[in-house]
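Undergrad: Fold the following and give me the result.
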Amino acid sequence: MDYGFFKDGYAPPTAFFFSVKFLKYGDMESSFQEVSGLKVTVKVTEKKEGGDNYFIHYLPNPPVFQDLVLKRCLLPNQSLTDWCKKALEDFKFEPLDLQIILLGPNRENMASWTVSHAFPISWELSPLNSTKNELAIETLTLKYKRFVKDSNS
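TA: Reported below is the predicted structural model:
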């Protein structure tokens, strides 16, 4: 039976079960607790038609991609740390492709996106506070060329 958005046997994916894979280096995979920044925006330029103020043409500009932000508990991962240090400390950038995969309840691929030519532009550690019992969270911000929704999802 079809109930509009919901189909028999279909459960909408939850946003809390996902993985991040660096495609060139399998050992850079790490558990992230939050991923944000999969956003593309096309700005437009207004062009008024000469002599007639009632007609405005909208010309699309190239897309602009928001920075990708990855958050996780501070974990040892030497390959990921070395990649970030090389960029942020030595100013030697190695853009990498990565894949963000939204997983279903049985770890099946519900949807995925490939991010192209990502490189670190910021690394941040959450505030350390002796009056709170919280995990130390590191935030990695990446600049990238583009992302696409993979066709298999």
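
Undergrad: Give me the sheet partners of the helix or strand hosting S19 and which way each runs.
TA: Per DSSP states H and E: S19 is located in strand 18-22. Under the criterion DSSP bridges, strand 18-22 sits next to strand 96-103 (antiparallel) in its sheet.

Undergrad: mind listing the helices for this structure?
TA: 78-88 (DSSP state H).

Undergrad: Could you pick out the longest strand of it?
TA: strand 109-125 (DSSP state E).

Undergrad: Contacts for it next, please.
TA: By Cβ atoms under 8 Å, 6 or more residues apart in numbering, the residues outside strand 109-125 that reach it are 13, 23, 38, 67-68, 74, 83-84, 87-88, 93-104, 136-150, 152-153. For glycine as for every other residue, the C-beta is placed from the backbone atoms N, C-alpha and C.

Undergrad: Of these, grab the buried ones for PyMOL.
TA: Selecting only the buried entries of the contacts of strand 109-125 in PyMOL, with 16 or more other Cβ atoms under 10 Å as the criterion:
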select buried, resi 13+68+83+84+87+88+96+97+98+99+100+101+102+103+138+140+141+142+143+144+147
